[in-house]
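A.B. asks: Mind looking at a prediction? Sequence and model below.
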Amino acid sequence: DTAVSQTPKYLVTQMGNDKSIKCEQNLGHDTMYWYKQDSKKFLKIMFSYNNKELIINETVPNRFSPKSPDKAHLNLHINSLELGDSAVYFCASSQEGTGGKGYTFGSGTRLTVV
Amino acid sequence: DAKTTQPTSMDCAEGRAANLPCNHSTISGNEYVYWYRQIHSQGPQYIIHGLKNNETNEMASLIITEDRKSSTLILPHATLRDTAVYYCIVRNQAGTALIFGKGTTLSVSS
């Protein structure tokens, strides 16, 4: 069983479209995250979310919105896609109290906007 | 969280030890040093962490200087599969999301 799974693995879409990336974790973790890795390979936090609060990186456009139907899922919705949104998006999860060692990452979703 | 400085890239011969340095001169007393790595096209993977004592696990060893201003990750017998970007991250136990810097690209060659 994959601990943190993302779907789809690859996503090619046209500018202006709306798309979603799904993330599920079966680790029982209480916090989930979305990271973006651009073409320069910088890995940047976009959101962190647990059942108490959503923390948004202020640099993330409001076209991006995380949605969590339950503790095990954190989906990423992107509206009006732009060329600059092309990147690899990683979902991750962790358990409060485990510090920085307990992060588990998914295998990534490569989004290409054409 | 304290800032870290790592060399951009390093090379290592297969079978030799890879020693990856990290400077964190502004580290505070309650901050840990964490190491993650990202193998090409995969998500980052936890390697090891420490507070002030040296640590060893099945993957690597972590040496932290007595003043805690720098540390070294040691892969004792590097293999081709250790080729990856290695990230040194400093944060406290209750910090928010992991913040990644530019890391060190380690290339292991035969």
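C.D. replies: Arrived safely. Numbering: from 1, shown residues only, chains lettered A, B, ... in the order given.
A.B. asks: Only the buried residues of stretch A:58-70, if you could.
C.D. replies: A:Val60, A:Phe64, A:Ser65, A:Pro66, A:Ser68 (16 or more other Cβ atoms under 10 Å in any protein chain shown). C-betas here are computed from N, CA, C, even on glycine.
A.B. asks: Phi and psi next, for the second one.
C.D. replies: Meaning A:Phe64. Main-chain dihedrals, A:Phe64, degrees, to the nearest 10: phi -100, psi 130.
A.B. asks: pLDDT weak spots in chain B?
C.D. replies: Applying pLDDT under 70 to chain B flags residues B:1-2.
A.B. asks: Apply 80 and report the result again.
C.D. replies: Chain B contains residues with pLDDT under 80 at B:1-2, B:92-96.
A.B. asks: picking that back up, and the two most separated of the buried residues of stretch A:58-70?
C.D. replies: By the measure Cβ to Cβ, A:Val60 and A:Ser68 form the most distant pair in the buried residues of stretch A:58-70, at 16.0 Å.
A.B. asks: Contact partners for the spatially most central residue of chain A?
C.D. replies: Chain A has A:Trp34 as the residue nearest its centroid, 2.9 Å off, counting by Cα atoms, centre = their mean. By Cβ atoms under 8 Å, 6 or more residues apart in numbering or on different chains, the contact list for A:Trp34 reads A:Cys23, A:Ile45, A:Met46, A:Phe47, A:Pro66, A:Leu74, A:Leu76, A:Tyr89, A:Phe90, A:Cys91, A:Ala92.
A.B. asks: hang on, it in a strand?
C.D. replies: Yes. A:Trp34 sits within a strand when classified using DSSP: H, G, I helix; E, B strand; the rest coil.
A.B. asks: hang on, the earlier thing: the buried residues of stretch A:58-70 in helices, which ones?
C.D. replies: Counting by DSSP state H, the buried residues of stretch A:58-70 place none of their members in helices.
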